[in-house]
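> got a predicted structure here, sequence first:
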Amino acid sequence: MSEPTPLTFQADFRNWLTRTASSADDVADMAIRRIRKRWGRSGVPQIQAYTGFATADTVHLRGRILSNPPLDPDFHNDRWWQNLTHTWRRFASDEVPGVKLEGSFAGVTGQTVSDAEGYFELDIPRVADNADFALWMPAQLAIVDDERISPMESFTVCDVMHVSSDAKFAVISDVDDTILRTGATDIGTMAKLTFFGNARTRAPLEGVASLYEWMQRNGKPFGSPINPIFYVSSSPWNLHDLLEDFLEHNAIPKGPLFLRDLGIDEDKFIKQGHDRKLEQTRELMSAFPNLQFILVGDSGQEDARLYATAAEEFGERIPAIFIRDIDPDASSDHDQKVDRFARQSSAAGVPMHLVKDSIEVSFIAEQMGLLSKDALKAIEDATHRDHDRSRGLI
């Protein structure tokens, strides 16, 4: 019998510590729920619906059941202490497990039950006559068989993105420092932006709204959007409403958000860091096997490494990878790291471009045939306009 190595011991100890902490967390959650129920303060379950999406044969609905869902903030009048209160409410979530839900899309229904953290996923089969839907269609959700709230009182509508057969490509975009300035490489700055800002005060990356809008319309100045955009992030699901409001407020094309769960279970604490974005990319590319995917990230964290791995796995299905340079005016360790993974991606036949801004992305995309020449001036003007507008934002 071989002696355990230090690495094996560390892995075993980490797994034991995670399981122990997870069990303690579950016990604490159950105790808190029992106390609230005993004192008549268990709360009324409500649906926080996340943006859904539809593949060729399935409609995917997602969300969470909470007794204290996020409130609608007043972006224009809320002060920093009110933003802090909204942030506290997002993270001090009171999830409700074991709630039965019913969902409906285009006349087809299905049921599911919220898990121990209040999350739910509901997959509804698509019927044959769904083929000609617009990019966005509504689905309905309601809580059923619950004495605390009726289906009518809990009724919620959520948007479902339908990917048309006319789509030429899809975009998978990171969020932090790719479309939204977060200061993810500086903990102090990131904390300030997360806790004291709101969707109006947060600054978008210049020109990204125009760039993504043109890409969604397949490079054409007019017409309906046909190319889907998916957003992946290491941010927690607790910030889902903030990120959706940010997209809407800044006219950045809407798309399903894929975030991560906060927790100390093994599949959360260990596996849901940055690598979770690679898993989400794999799942999306597998869900839409006939689409090519443009991948967009930034140089600040792990996007280049994750996307280079995706390039090795999916090859020609990825026409290009764009990595936004978080410090374009300086040569840094981030640049050297991206260069290393760019060579790895190139060896797989996928070009990885380290880009300064949306203008540079648009020129490369136009050369690839992803955008028309009409898009270049529009994106350049939007980038300069956003730069001027961003003064005063955090």
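All right, it came through fine.
> and the strands in the stretch 251-394 of the chain?
257-260, 292-298, 321-324, 352-355 (DSSP state E, counting those that start in this stretch).
> now the stretch 251-394 of the chain, which segments are flagged as low pLDDT?
By pLDDT under 70, the weakly predicted segments of the stretch 251-394 of the chain are 262-274, 390-394.
> run the last query once more with 50
Applying pLDDT under 50 to the stretch 251-394 of the chain flags the ranges 264, 267-271, 394.
> can you show me the helices along it?
275-287, 303-314, 333-347, 358-367, 373-389 (DSSP state H, counting those that start in this stretch).
> identify whichever of those lies nearest to Lys168.
helix 358-367 (12.1 Å; Cβ to Cβ). All C-beta spots, glycine's among them, are computed from the backbone N, C-alpha and C.
> pull out the buried positions in that closest one.
358-363, 365-366 (16 or more other Cβ atoms under 10 Å).
> and of those residues, the nearest to Ile318?
For these, the nearest to Ile318 is Ala365 (13.7 Å; Cβ to Cβ).
> thought the closest one was touching Leu376?
No: Ala365 lies out of contact with Leu376 (Cβ atoms under 8 Å); the separation is 9.3 Å.
> apart from its neighbours in sequence, what residue is nearest Gly223?
Arg217 (5.6 Å; Cβ to Cβ, 6 or more residues apart in numbering).
> rewinding a little: closest one to Pro225 out of the buried residues of helix 358-367, please.
For the buried residues of helix 358-367, the nearest to Pro225 is Ala365 (16.0 Å; Cβ to Cβ).
> so who does the closest one touch?
215, 219, 294, 320, 371, 375 (Cβ atoms under 8 Å, 6 or more residues apart in numbering).
> which residues touch the last one?
Shown here is Ala375, whose contacts under the criterion Cβ under 8 Å, 6+ apart are 214, 219, 221, 362, 365-366.
> and the fourth one, by the same measure?
The neighbourhood of Ala320, defined by Cβ under 8 Å, 6+ apart, consists of 294-295, 350-353, 364-365, 368, 370.
> scan those residues and report the most crowded one.
Leu295 (29 neighbours; other Cβ atoms under 10 Å).
> who's in contact with that one?
Leu295 neighbours (Cβ under 8 Å, 6+ apart): 171-172, 281, 307, 310, 318, 320-322.
> adding distance to Leu239, write those out as TSV.
Listed next are these as TSV, based on distance: Cβ to Cβ, whole Å:
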residue	distance to Leu239
Val171	21
Ile172	19
Thr281	20
Tyr307	23
Ala310	24
Ile318	28
Ala320	28
Ile321	25
Phe322	24
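> and those residues, which is closest to Ala287?
Nearest to Ala287 among the contacts of Leu295: Thr281, at 10.8 Å, using Cβ to Cβ.
> you'd agree that closest one is up against Ser173?
No: between Thr281 and Ser173 there is no contact under Cβ under 8 Å: 10.8 Å.
> now the common contact residues for these two.
Joint contacts of Thr281 and Ser173 (Cβ under 8 Å, 6+ apart) are Val232.
> so where do the strands sit in the stretch 1-150 of the chain?
46-54, 58-66, 100-105, 108-113, 119-125, 136-143.
> what's the closest of those to Val163?
So among the strands of the stretch 1-150 of the chain, strand 46-54 is nearest, using Cβ to Cβ, at 6.9 Å.
> distance from that closest one to the middle of the chain?
13 Å (Cα atoms, centre = their mean, to the nearest Å).
> what lines up beside that strand in the sheet?
As defined by DSSP bridges, the strand partners of strand 46-54 come to strand 58-66 (antiparallel), strand 156-162 (parallel).
> for the stretch 101-250 of the chain, give me the ranges with low pLDDT.
184-193, 195-196, 198-199.
> hey, what's Glu95 bridged with?
For Glu95, the beta-bridge partners are Leu66 (DSSP bridges).
> count of neighbours near it?
Glu95, neighbours per other Cβ under 10 Å, totals 20.
> next one: Thr58
12.
> grab the nearest non-local neighbour of it.
For Thr58, the spatially nearest residue (Cβ to Cβ, 6+ apart) is Asp123, at 5.1 Å.
> cool, Ile318 as well?
Computed as Cβ to Cβ, 6+ apart, the closest residue to Ile318 that is not its neighbour in sequence is Val350, at 4.8 Å.
> circling back: nearest to Asp146, of the strands paired with strand 46-54?
Closest to Asp146 of those, according to Cβ to Cβ: strand 58-66, at 9.8 Å.
> who touches the closest one?
45-50, 52-54, 93-97, 99, 101, 103, 105-106, 108, 114, 117-126, 139, 141, 143, 158, 160, 237.
> can you say which of those residues are buried?
Applying 16+ other Cβ under 10 Å to the contacts of strand 58-66, the neighbour count classes 45-50, 52-54, 93-97, 99, 101, 103, 105-106, 114, 117-120, 122-124, 126, 139, 141, 143, 158, 160, 237 as buried.
> related to what we said a few turns ago, what's the most buried one of the strands paired with strand 46-54?
strand 58-66 (a mean of 23; mean count of other Cβ atoms under 10 Å).
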